[in-house]
Every structure is written in structure tokens, then in C-alpha cells.
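Novice: Provided below are the primary sequence and the corresponding predicted coordinates.
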Amino acid sequence: MKGMIKAAVGIQQNTAEPRKAACDAVHEAVAKLDGGKPDIIFMFSSIKYDQKELIAGAKSEAPGIPIVGGTAAGEITSWVSMYDAVNVMAITSDQITFHVGCGAGVAKDSFMAGSEAAKSVIDANGGKKPDIFIMIPDGMTGNGAAIVEGVKSVLGENFPIIGGSTGDDYLFQKTYEYCNGKLLTDSVIGIGISGNFSYGFGVRHGWEPVGLPLTVTKADGVVLKEINHEPALKVYQDYFGKSASDLIKQPLARMAYTYPLGIAVVGSDELLIRDPVVANKKGEITMAAAIPEGTSIRLMIGDRDAAIRAAKTAAGIARDSSRGHPARFAIMFNCMARNKLLGVRCNDENKEVEAALGKNIPMIGFYTYGEQGPLLGKKGTPAYFHNETMTMFVVGE
């Protein structure tokens, strides 16, 4: 095992017996490590599983091993997208270490929760910053952009940060996070990776702007109140030709996932995407992350072929930025909106990723309610909160 990074994946579908499903998924992954003891286990699951039973099952199969992850809006593994599943990656290595931390109270103070997650990882690592920070924040509470800023306030503006926000199978009600085998909600999980390894990020979406630029004229945190001095929802009423009452009956995210809002950011040829989540009777839209007043925005439109090309580009960037070192595992944080846009073609995206990274590279991932990472995956640049974006993390020797 000297000088090795080894990872393996297990996946199960058995919502009737959540404890057994988790046991079997963990067992399947660990068995493929050829006797290696896992240093960490990533686990993502459908909200349909009894979460307490799921965690109990995973812990019984891997006692004393840190278990991290959370609920998803679809589970991704080498190289298939599944639903109503629990997927697991076990990683063992004698050249990298993992340290896990957590920040609580995202709804109350998202920035503070992010900074707390980063600080607790540093504490777990004996007071030292890790080399990379993976974040798994709650996807339903608080302000995603503020969580990222909180993490950066501790680790540094250009620190390498990557991650994805938990989901709940498109119910948009409540999501859960797993931290060291504890079941949490309204939290941010932080995983620090340190040691001797190469890595690459890939971050692309492929959405294009339509129509004229608009201006946010009134906003309060994640609530978008007015655009061009009119109720924010009017943008969607005008575009879809639907009445406001139709647009507030169910989460706006279900209908507008292919039509998010885009913000121009210096240094990127792609607009940064912000997803609408729900709208109210006043025509206000709660967004996945805040868009400050005065921001120029565009309505964006998604196209299947462009989304698949973006996934291929992201995987290629992740591969190339790990400087030719062979990939040992990959984690994909992929937006639920891409899954809805692609429908039956969602596995085309996974095939493009596989073609870029090489066959037989163990991969785990999930469909998220938001992604975190640097623009276009560029190292040495600030991380942002994204929506609708394919976000790849590849680790090599």
C-alpha cells in the first residue's frame, strides 16, 4: 500500500431497510479496498431513507471511521445517476489525511456557520490549515454565498475550496448533513485534506443569457424583491406568460430550473448563476444565494447539448489541472437543475466525465442544491457559490 491512494464505491437501493442498505453499501466499498482500512467514508442518500437508521447502519459496518456527506436530489456513482439510493465512497491512503469539522446554525448566521466549519477543521488538524477544503452545506437554509464567504474569511480569499449543498429529492423542505457519523441539519460540514497528492477542479455550466440586462432594485438577503422597480416575479411572468398565482403554487425551482438568473463576474466568460427557489404573493423570490441591490442580472436559458459540453469541459479542466498525475478518485457535485434539464440524457454527462478522466476511476457524487468552487475551476482564485453548475474534484497521486 506504500505511496498509494485507493478509493472504492458502493451503492444500494433499499428504502424499506435503510440500516441494511447503508451496511451493504459501506461493505461493498470497503471490500474493494483489498484489506485497506478506510480513512474516511463519503455517503450521500435519498431523503426517502430513515436517516437515523441509515447512519446507524453505516457506523456499524465501519466503526470509528469518519462518515461525512448528506441527503441528495439523486445519487451519482461510477458512472451512473440513480435515485432512491445510498452511495458510498471509502478512501484509504498512507499519504493523505482527512480532518472533519462542522458549523451549525446556517439559517441564523450563514457566514458564521461557514467560518465555524473552517475553524473546526483547522482545530482537528492540530491548528494547521489543510491543503484543500471540501464543504457540504445545508441546501435549504440560509444564504449559500455567505457560507462560502465565511469559509474564506478563515482560510483565505484564494484558498482551494470545492463542494456541494445537500438536497431532498426536489421536495424543497428539509435537508440533512452527516458529520463524523452524526446526523445534522442546518449545518455546514467541512472536510480538510492534507498531505502528498495532486488535485484538479473543474467548474462549468453552459447556460446562456437571453433578453436584455436587468437590475436588482430591491433585495433583502436571499429575498429578491424588485427587478427594474417591479416585483421580481414579473421577470418570470413576462417570460412564461403565466400569472403570479400559477408561479407560487409550487416551488419556483421546479419550473424555472432551466431559466435561472446570471451575474457577470470579472475573470469569467460564463455568468455566475443564481437559482430561484420559491416565490410569494408579493412577487418576491427567495433565491439559493443573495444577489445584492444594484447588481446587473440576465435571465439564463439551459440547453441539453451545451450542458453536456460544459460537463466534458469541466472534467477536462479538472484532469489537466492535476498536472498529469493519474487520477485516483473523483467527487462530482452536480446541480439538480442539470439533472432536470437533461432528463433521460443525464448519464450522457457521466459518460463524458468518464471519457475525460479515464475508465475505472472511482467516482462518487450527488445532485445538489448549489455548488461551491473557483470560477471555471481556476486554482489560486476565489471560490464562489454556484447554481446549475457541474463541479468536479479529482485527486491523483
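Specialist: Cool, the structure landed.
Novice: C-alpha from now on. contacts and neighbour counts both.
Specialist: Will do.
Novice: can you tell me the SS state at K340?
Specialist: helix (DSSP: H, G, I helix; E, B strand; the rest coil).
Novice: need the nearest residue in space to it, chain neighbours excluded.
Specialist: Distances taken as Cα to Cα, 6 or more residues apart in numbering place Y257 nearest to K340, at 7.6 Å, with adjacent residues excluded.
Novice: and for the one you found, the neighbour number?
Specialist: A count of nearby residues for Y257, using other Cα atoms under 10 Å, gives 24.
Novice: and if you look at G126?
Specialist: For G126, the count of nearby residues is 9 (other Cα under 10 Å).
Novice: that one and A318, how far apart?
Specialist: According to Cα to Cα, to the nearest Å, G126 stands 29 Å off from A318.
Novice: any stretches of the stretch 151-300 of the chain with poor pLDDT?
Specialist: Applying pLDDT under 70 to the stretch 151-300 of the chain flags the ranges 253.
Novice: still on that earlier bit, just checking, the residue nearest to K340 touches C335?
Specialist: No - between Y257 and C335 there is no contact, the gap being 9.9 Å when judged by Cα atoms under 8 Å.
Novice: can you list residues touching both of the two?
Specialist: Shared contacts of Y257 and C335 (Cα atoms under 8 Å, 6 or more residues apart in numbering): E388.
Novice: and the strands in the stretch 251-397 of the chain, which stretches?
Specialist: When assigned using DSSP state E, counting those that start in this stretch, the strands of the stretch 251-397 of the chain occupy the ranges 261-263, 272-274, 276-279, 285-287, 296-301, 327-335, 363-368, 371-374, 383-386, 390-396.
Novice: so what secondary structure elements neighbour the strand ranked longest in the chain?
Specialist: Secondary structure of the chain read by DSSP state E shows that its longest strand is strand 208-220. Using 3 or more Cα pairs under 8 Å, 6 or more residues apart in numbering; DSSP states H and E as the contact test, the elements touching strand 208-220 are strand 223-227, strand 296-301.
Novice: contact partners of the first one?
Specialist: The reference is to strand 223-227. Counting by Cα under 8 Å, 6+ apart, 214-219, 231-232, 235, 283-287, 290-291 sit against strand 223-227.
Novice: which SSE is immediately downstream of that strand?
Specialist: Of the helices and strands lying after strand 223-227 in sequence (DSSP states H and E), the nearest is strand 230-231.
Novice: the following helix or strand past that following strand - contacts with which helices or strands?
Specialist: If you walk from strand 230-231 toward the C-terminus, the next helix or strand you reach (DSSP H and E) is helix 234-240. The criterion is 3+ Cα pairs under 8 Å, 6+ apart, and the helices and strands that helix 234-240 contacts are helix 244-248.
Novice: buried stuff in the helix it packs on?
Specialist: Counting neighbours by 16 or more other Cα atoms under 10 Å, one finds that the buried residues in helix 244-248 are A244, L247, I248.
Novice: looking at this protein, which helix is longest?
Specialist: Selection of the longest helix in the chain by residue count, based on DSSP state H, yields helix 304-321.
Novice: check which helices and strands it sits against.
Specialist: With contacts taken as 3+ Cα pairs under 8 Å, 6+ apart, helix 304-321 sits against strand 198-204, helix 336-342, helix 346-357, strand 390-396.
Novice: contacts for the second one, please.
Specialist: The set of residues external to helix 336-342 that reach it, using Cα under 8 Å, 6+ apart, is 73-74, 257-258, 302-304, 307, 346, 367-369, 388-389.
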